[in-house]
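Participant: Return atomic coordinates for the entry below.
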Amino acid sequence: MTLKEIAEELNVSPSTVSRVLNGCSKNFTVKPELRARILDQVERSGYKPNRVFSSLRSKENSQISFFFYNRELFQSVNPVSDAVNAIGPELMRRGYSFNFQACGSVQNLYYPLPDWKVAGLIVPDVIYPRQLKNVEAAGLPYVVVNGICGKSGSAIMSDELANARMVMEYLYGLGHRRIGYLDGFVPGNHHYSFNERKRGILDFCEEYRLEPLLSEPWKRAPLEIQFDELLKIGISAVVCYNNEIARQLLYFAWRRGIRIPRDLSVVCFNEAPGNQYTIPPLDTLAVPGREMGVTAARVMVEKLHDPESYRGYSVRIPGKLLCRESSGPFAGTIRRYNKATRSAGGAATAKTKPEPEPEPEEK
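Facilitator: Numbers count the residues shown, from 1 in each chain. Below you'll find the model as predicted:
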C-alpha cells in the first residue's frame, strides 16, 4: 500500500500522513486521535517509507553509502564482503539505512562524491589517502574498511603486523628456523597488507635472529620459479601472502614429490571457503572481516554524532589462526633439489643425498 492510498482511506492529505511518520512539529499540529489512527493504519498496511527520497527532501539524513571501485569486493567471499555483511544489519539496528554505489576503478584516481545526499560513506580497500581528496573537501563523514584513511576519516583495519607475528610464532613453535615467505609480487599498486605482512615477518626474524628468506630477489620471476629458489636455499616451512598463492604452491610441491607437511609446512593469509578442501587442508590466518564490519558500523554512527570522533584514527583488529593439516613439526630441510628429476608418474621428486655404499669386507 502506498502513502497516497493510506491517506485516501483515512480521508486526509498525503502530506499529513508523511509529516506524522517523519515526526514533524514545525508549523504543523494534528490531534492525538488522528495521529494514532494514521500510525495504526501504517502498521497494519506494512507500508515502508522510501528512505532515499526522504533523505533528498529532509535536512536530516540516515542514508549511508557503500562506495565500491570493484564490484567483486562484495560479490565474492573475502574480508570486505564479510565486513559488509556485518555492517548492514548493525546500521539498520541503529536506525540507519544503506545503499551501494559503484564508482568505477579509482586505483590511481580520486573517489567521486555520491550521486545523492547521504549522511556518510563506507569505503573499502583504499590504497592511498589522496584518493579521498573530494570526500575530505566535502566534509563527509567516512569510514574506510580494510584500507587507509585520510585526515578526517577513520580506518578499520586488520592488524597485519600482529597477524604475521602470529604465523611466525606458530611455525617457530613447531621447530622451524628456515621459514620462507612467498608474496607473488606483481608490479602495481599494493594493498597495505602487502608491505605490512612482509615487515612483520622481517621484524620477527630480526628479533629471533633468523635469516630472512624472502622471495624478493626473484620477485619478477614466475611464482613457480620463486618457489624453486626458496627450495634451493633449504626452507622447511613457507608462508604465503594469500590463499591463491598457497594453492598454487601445493600443486608445485605435488609435482615435485614434496610431501606437505612432512617435507614442507605451509601457512597462508586470507581464509576462503576452499581452504579446508585442499590436499592437505590449508593452515590459514583468517582476516577478521566480520569484526571489522561491526566496528566500522559503530565508528560510523559515532562520527555522525560527533564528526571529530576517530578523526584520522585507525582501529587495528588481529585475525585468527586456523590450524588444519598443512603444517607440522620440523623434520629437516630440503637441502638438495632438482626440479628436472621426475618420477615415472610425471611428478618431480626431491633429490636426496645417496646412501654411501658399504665398504667391502676384508678377506
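
Participant: switch to C-alpha atoms for all contacts and neighbour counts from now on
Facilitator: OK.

Participant: Okay, domains of the chain per the record?
Facilitator: With domains defined by automatic domain parsing, the chain comprises 3-49, 63-158+289-318, 160-286.

Participant: Pairing partners for the helix or strand harbouring residue 98, with directions?
Facilitator: Taking DSSP states H and E as the criterion, residue 98 maps to strand 97-102. Sheet pairing for strand 97-102, assigned by DSSP bridges, gives strand 63-68 (parallel).

Participant: Check the offset of the strand it pairs with from the chain's centre.
Facilitator: 17 Å (Cα atoms, centre = their mean, to the nearest Å).

Participant: Show the subsequent helix or strand relative to it.
Facilitator: Downstream of strand 63-68, the first helix or strand assigned by DSSP H and E is helix 79-93.

Participant: What mean pLDDT does the helix or strand in which residue 156 is found get?
Facilitator: Assigned by DSSP H and E, residue 156 belongs to strand 154-158. Confidence over strand 154-158 (mean pLDDT, whole number) is 96.

Participant: same deal with stretch 302-313?
Facilitator: 88.

Participant: tell me, which of the domains of the chain is the model least confident about?
Facilitator: domain 3-49 (a mean of 75).

Participant: List the neighbouring strands of the strand holding residue 156 plus their orientation.
Facilitator: strand 142-145 (parallel), strand 313-317 (parallel).

Participant: Over to stretch 45-63 now: how far is its first residue from its last?
Facilitator: End-to-end span of stretch 45-63 (Cα to Cα, to the nearest Å): 24 Å.

Participant: now swap in stretch 184-199 and tell me
Facilitator: Per Cα to Cα, the first residue of stretch 184-199 is 15 Å away from its last.

Participant: next one: stretch 258-267
Facilitator: 15 Å.

Participant: If you count neighbours, what's buried in it?
Facilitator: Across stretch 258-267, burial judged by 16 or more other Cα atoms under 10 Å covers 258, 259, 260, 261, 263, 264, 265, 266, 267.

Participant: all helices of the protein, in order?
Facilitator: 3-10, 14-21, 32-45, 51-57, 79-93, 133-138, 160-173, 192-208, 223-232, 243-255, 289-305 (DSSP state H).

Participant: Which other helices and strands does the shortest one contact?
Facilitator: Spelled out, that is helix 133-138. If contacts are counted by 3 or more Cα pairs under 8 Å, 6 or more residues apart in numbering; DSSP states H and E, helix 133-138 sits against no helix or strand.

Participant: pull the CA atoms of it into PDB?
Facilitator: Extracted C-alpha coordinates of helix 133-138, given in PDB (Å, rounded to 0.1, in the frame of the first residue of the first chain):
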ATOM      1  CA  LYS A 133      40.600  14.200  -1.700                       C
ATOM      2  CA  ASN A 134      37.000  15.000  -2.900                       C
ATOM      3  CA  VAL A 135      35.400  13.300   0.100                       C
ATOM      4  CA  GLU A 136      37.600  15.200   2.500                       C
ATOM      5  CA  ALA A 137      36.900  18.500   0.800                       C
ATOM      6  CA  ALA A 138      33.100  17.900   1.000                       C
END
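
Participant: Residues touching that helix, excluding its own?
Facilitator: 110, 111, 112, 113, 150, 151, 152, 153 (Cα atoms under 8 Å, 6 or more residues apart in numbering).
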